[in-house]
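Student: build me a model:
(2 chains)
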Amino acid sequence: MDPIIVRDLTRRFGQFVAVDRVSFDVREGEILGFLGSNGAGKSTTIRMLCGLLRPTAGSAVVGGIDVSRDPEGVKRRIGYMSQKFSLYEQLTVGQNIRFYAGLYGLSSGRYAERRRFVLEMAGLEGRENMLARDLPGGWRQRLALGCAILHEPPILFLDEPTGGVDPLSRRHFWRLINRLSESGVTILVTTHYLDEAEYCHRLALIHAGRLAALGTTTALKEIFAGRPIVEVQAPDAVAAMRALDAMPEVEKTSLFGTAVHAVLRAAAVPPAAVGDRLRAQGFAVRGVAAVPPSLEDVFLDVVEKAGRS
Amino acid sequence: MRKALAVGRKEFHQIVRDRRTLSILLLAPVMFLLLYGYALNFDIRHVTFAVEDRDRTVESRALIAAFVNSGYFDLVASVHDGQAIDRLMDRNEIRAALVIPERTGRAINTGQAAAVQVLINGDNANTAAAVMGYALNIVRGASSSLLVERGLRPRGARLAPPVSAEPRIWYNPELKSTLFLVPGLIAFIGMITGAVSTALSIVREKERGTWEQVRMAPLGTTPYIVGKTLPYLVISIASAMAIMLAAMALFDLPMRGSWLDLLLAVSLFLAGALGTGMFISTVSDSQLVAFQIVLIVAFLPTFILSGFIFPIGSMPVPIQMVTLVVPARYFLVALRSIVLKGISAAAMWQELMALVLYATAVLALASIRLARERG
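Tutor: The predicted model follows:
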């Protein structure tokens, strides 16, 4: 049985439907990324899966336990780490570890062993007596992760774990996550850093409470099969975007930094032709090239389609 | 229970490192004790007064001396006309004045009724009433001793009022109001510091986000509440005992009962105070809101409805009913009994039971409230 099985999970707050009939499974040792804008329903879904919030309808079985029936049982089998690195800032590294070990009822022998493991994993050996608030962001984040996995949960929920952390620490953090996944820990992680999505085995795109798409990044990019993307570099990107939108062969456009991405309606249209048409209209086009779809293209496309339906 | 201890240990480490909470628990009580202990004093001494002696006889001077020697009055002026008294009174230089008319001495010596006038500034009704009481007593005492001295006893008959009361004030023979107030102060300080410090504790975790993390752990709300309350209980009991010792040193508060009994009563009361704070903490979303609720729920009732200052017996019946749920009311009875009367805790079992009930109720409410919040 898969460690996480979600069927038609729904949560309403009054009239507002925060999570709308979401269904998915997560396999053992898999890293599933939850992608979506703020307020899309990612956190609400995670809170239901952790037994913190009762689902309005549908079911979720986590670690073999129905979250509606036994939320406390679920809590024993999961680890949770949130965006705010919930450490006690006025406590030392050691005191934080000890507290969370106590919360999960670790025996003293296991506590000593896990404490060593966490200190080593977070690179905090010798810093046991430092106050958590004095730790640099990356260390703090790794300590929070350590505290969340002290009790060796088979399932780990990470709610935007890398917010506000420098890129190097983020990379280090994802290596740890990968190691956990290789040892068989099932991981569900929310993020809005699209580059981080590449670390995930599969992605779930959440939009307006619905699961808009689910699959590997390669599979998700299939959405652009037969619709090549052309990247246009022109000085006045916004005006160029408008001109591109007016062309019949262009399905839609979006701004990517200083460049414009235009999605073409058919693979038959050569990118160079699009550039020539723009130049004919007086745009000083610097470059035109077909580009593979990025996750951002996928995300925007999915959100747009979900918005239309 | 092991989890409760883990929570307690964590909380203790946090308190020790948090200057704000520590100062609420340890410094505020000392400040309250000094401030209220010295300022809240209903004893009236050193009443400034002026004399207008139009009689100038041995008798009039004896009366003035009686006032001065009573220890309650300080003679600040001797005047010769009534307008001077008005002026002094207006300028707040005197609170009372004694006017002895002409021929008072002669009236006394000839056995006629003599009257002297006592003027009292009534801008503070309590003080005025007390000053009037002192003045009446002094005049009465002075006139009877004058009678005795002048030997006006008709033919050896004993001159005595038909009935005289011989008051003996127990437990506080000098009627020092501090002895009555300081136990109340201990209750007040315990309630405020206990409720404030705990009221902020869960709210602070909510504000900082650690609450979310704790909620994710398999931890019941009861061990959580118990664990959170324990360290505060230990610290505030120590603080209360320190206040007791300070009050004995500074205000001559006697300790006639057993320290163990005192410890029991203090612990039960503080458990309730801390529970009140915990409960407030579970219903508030910010430290500010929590603090305001403490003011309304803990501060005012403890000050007004506990019998700390205003006797409960003289309140209207509906208000008296309200005081039934004010824990300080029971604690004050127990505390005054143990400290001033030396009565044993066993004799105060009803009050102590009330405290147990209160503490259990608020802690249970806090726990239930917290469980419900978990969705």
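Student: point me to the helix or strand that includes B:Arg9.
Tutor: helix B:2-17 (DSSP states H and E).
Student: actually B:Gly277, sorry about that
Tutor: Applying DSSP H and E, one finds B:Gly277 within helix B:259-283.
Student: and that helix, what does it pack against?
Tutor: helix B:177-208, helix B:221-251, helix B:287-294, helix B:327-336, helix B:349-373 (3 or more Cβ pairs under 8 Å, 6 or more residues apart in numbering or on different chains; DSSP states H and E). Glycine gets a C-beta too; all of them are placed from N, C-alpha and C.
Student: count of neighbours near the closest residue to chain A within the stretch 201-350 of chain B?
Tutor: Residue nearest to chain A within the stretch 201-350 of chain B (Cβ to the nearest Cβ): B:Gln213, separated by 3.3 Å. By the criterion of other Cβ atoms under 10 Å in any protein chain shown, B:Gln213 has 23 neighbours.
Student: for B:Thr221, same thing?
Tutor: 18.
Student: check contacts around it.
Tutor: Residues near B:Thr221 by Cβ atoms under 8 Å, 6 or more residues apart in numbering or on different chains: B:Ser367, B:Ile368, B:Leu370, B:Ala371, B:Arg374.
Student: how many neighbours does the closest residue to chain B within the stretch 201-309 of chain A have?
Tutor: Proximity of the stretch 201-309 of chain A to chain B (Cβ to the nearest Cβ) peaks at A:Gly209, 17.6 Å away. If you count neighbours by other Cβ under 10 Å, A:Gly209 ends up with 23.
Student: surely it meets A:Val17?
Tutor: Yes - A:Gly209 is in contact with A:Val17 according to Cβ atoms under 8 Å; the separation is 5.4 Å.
Student: if we can go back for a sec, following element in sequence after the helix holding B:Arg9, please.
Tutor: Counting by DSSP H and E, the element after helix B:2-17 in chain order, helix or strand, is helix B:19-22.
Student: now for the residue lying closest to B:Val182 once chain neighbours are set aside: which residues touch it?
Tutor: Excluding the flanking residues, the one nearest B:Val182 by Cβ to Cβ, 6 or more residues apart in numbering or on different chains is B:Ala247, at 4.6 Å. For B:Ala247, the contacting residues are B:Leu33, B:Gly37, B:Val182, B:Leu185, B:Ile186, B:Leu253, by Cβ under 8 Å, 6+ apart.
Student: can you rerun that using 10 Å?
Tutor: B:Leu33, B:Gly37, B:Thr178, B:Leu179, B:Leu181, B:Val182, B:Pro183, B:Leu185, B:Ile186, B:Leu253, B:Met255, B:Val339 (Cβ atoms under 10 Å, 6 or more residues apart in numbering or on different chains).
Student: can you pull the pLDDT of it?
Tutor: At B:Ala247, the predicted lDDT confidence score is 87.
Student: how about the residues of the stretch 1-150 of chain B by chain A?
Tutor: Contacts of the stretch 1-150 of chain B with chain A, taken as Cβ under 10 Å from any Cβ of the partner chain, map to B:2-19, B:21.
Student: now with 6 Å, please.
Tutor: B:Ala6, B:Lys10, B:His13, B:Gln14, B:Arg17, B:Asp18 (Cβ under 6 Å from any Cβ of the partner chain).
Student: closest to chain A out of those?
Tutor: Using Cβ to the nearest Cβ, these come closest to chain A at B:Ala6, 2.3 Å.
Student: ok, the closest one - contacts?
Tutor: Shown in contact with B:Ala6 (Cβ atoms under 6 Å, 6 or more residues apart in numbering or on different chains): A:Phe99, A:Gly102, A:Leu103.
Student: what's around the closest residue to the first one other than its chain neighbours, how many residues?
Tutor: When you say that, I think you mean A:Phe99. Closest residue to A:Phe99 apart from its sequence neighbours, by Cβ to Cβ, 6+ apart: B:Lys10 at 4.0 Å. For B:Lys10, the count of nearby residues is 24 (other Cβ under 10 Å).
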